[in-house]
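Asks: Okay, predicted coordinates and the sequence, questions at the end:
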Amino acid sequence: MATQPLSSLKPARRSRFALRWYSWLLLLVAAAYGLAFAMHWDDRGVLWLQERFESPAERQDSVWLPDYHAVIDAKPLPGMEKDEASDVTYDAQTKTLFSVMGKNPFLVELSLQGDVLRKMPLVGWSNPEGVTALGNGMLAIVDERDHQVILVKVDADTRELNIADYPKYDLGPSKDQNKAFEAVTWDARNQQLLLGEERPPALFTWKGDGKTLTGDKQKLASDELDIRNLSALAIDPRTGHTLVLSADSHLLLELDEKGEQVSFMTLLAGFNGLKKTIPRAEGVTMDEAGTIYIVSEPNLFYRLEKQK
């Protein structure tokens, strides 16, 4: 019986090997594209290119996140390893920070160096995820699970806060009830709360005077929120620009007063002075000097300053 020469089999083997190699390459490219699309790296690339063309004057008129550097990096908040730091806000009157813990509800006051000054249990809260200072000792606290925002008064003698003692405002249903309203910050210029839904990311405003809220919340256009989730919000008191934090995207994004992207900062290891990736950034705030403060689950504190 005639047999096929060995030389004639080699191309077939090479062809099968080449097909297998190209298949793996196509799978790798598809996976990389899918990851880039999910993480919005394509959008970040466009914004990075736009940043290269910003003039010094334009950078001066913005927060300009690329210039920030971590001066306190992943400082643990003692005794809060299982409490899940959920948000942080700067109080311009006390010159301190207030942070909420989401898993075991309580409010903690911190120094600007991340030292714990006092802890106040939040009695009756289910899942406090957002906090913002309104001035004159007033704070707004968002409970994501119960879909409400509560306005509370805190002074030097406060040791505990009972939800039954304070006015509550219904935030209404969300598209994803498990990923509902999580972010909040006070817009002093426009006398309103800026609220954020976690997923899909969306922004709302709610008018008030720092003591009460009036009317109902109003939805804003959120076309520039090309992030995987919305974890926290802050407003720069100097420029009026908004900082948008995304834990899933490992990103801090700056929006101008029109809601357009200005700059961004990645929260990955090796960037902006971070030795390690911020594991799950859940809260952000800024003081009048432009210093940025971030808290991350489980109990980590960060302070970032602009490099001159």
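Replies: Noted; the coordinates are in hand. Numbers count the residues shown, from 1 in each chain.
Asks: Show me how the record splits this structure into domains.
Replies: For the chain, automatic domain parsing gives the domain ranges 8-39, 56-306.
Asks: could those domains be laid out in TSV, adding mean pLDDT?
Replies: Below are the domains of the chain laid out as TSV (pLDDT from 0 to 100):
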stretch	mean pLDDT
domain 8-39	54
domain 56-306	95
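Asks: Check these for me and report the most buried one.
Replies: For the domains of the chain, the largest average neighbour count (mean count of other C-beta atoms under 10 Å) is found in domain 56-306, namely a mean of 19. C-beta: built from backbone N, CA, C; applies to glycine.
Asks: for that one, how far is the first residue from the last?
Replies: 15 Å (C-alpha to C-alpha, to the nearest Å).
Asks: can you offset everything so residue one is 21?
Replies: Fine by me, first position is 21 from now on; the one you just mentioned is domain 76-326.
Asks: Three-state assignment for residue 184, please.
Replies: helix (DSSP: H, G, I helix; E, B strand; the rest coil).
Asks: any idea how far it lies from residue 120?
Replies: Distance, residue 184 to residue 120, by C-beta to C-beta, to the nearest Å: 18 Å.
Asks: ok, now residue 229?
Replies: Taken as C-beta to C-beta, the span from residue 229 to residue 120 is 23 Å.
Asks: What of residue 142?
Replies: Distance of residue 142 to residue 120, given as C-beta to C-beta: 7 Å.
Asks: which residues are common contacts for the two?
Replies: Contact criterion C-beta atoms under 8 Å, 6 or more residues apart in numbering; residues bridging residue 142 and residue 120 by contacting each: 126-127, 148, 161.
Asks: for residue 250, what are its contacts?
Replies: 202-203, 216-219, 221-223, 264-266.
Asks: Dump those to TSV, plus secondary structure.
Replies: Below are these laid out as TSV (three-state DSSP):
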residue	secondary structure
202	strand
203	strand
216	strand
217	strand
218	coil
219	coil
221	coil
222	strand
223	strand
264	strand
265	strand
266	strand
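Asks: With distance to residue 306 as extra columns, can I get these in CSV?
Replies: Listed next are those as CSV, based on distance: C-beta to C-beta, whole Å:
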residue, distance to residue 306
202, 18
203, 14
216, 16
217, 22
218, 21
219, 24
221, 20
222, 22
223, 18
264, 12
265, 11
266, 17
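Asks: from those, which two are the most distant?
Replies: The span of these, defined through C-beta to C-beta, is set by 222 and 265 at 14.8 Å.
Asks: contacting residues around the residue nearest the centre of the chain?
Replies: In the chain, the residue lying closest to the centroid (C-alpha atoms, centre = their mean) is residue 265, at 2.1 Å. Residues near residue 265 by C-beta under 8 Å, 6+ apart: 203, 250-254, 271-273, 301-304, 314.
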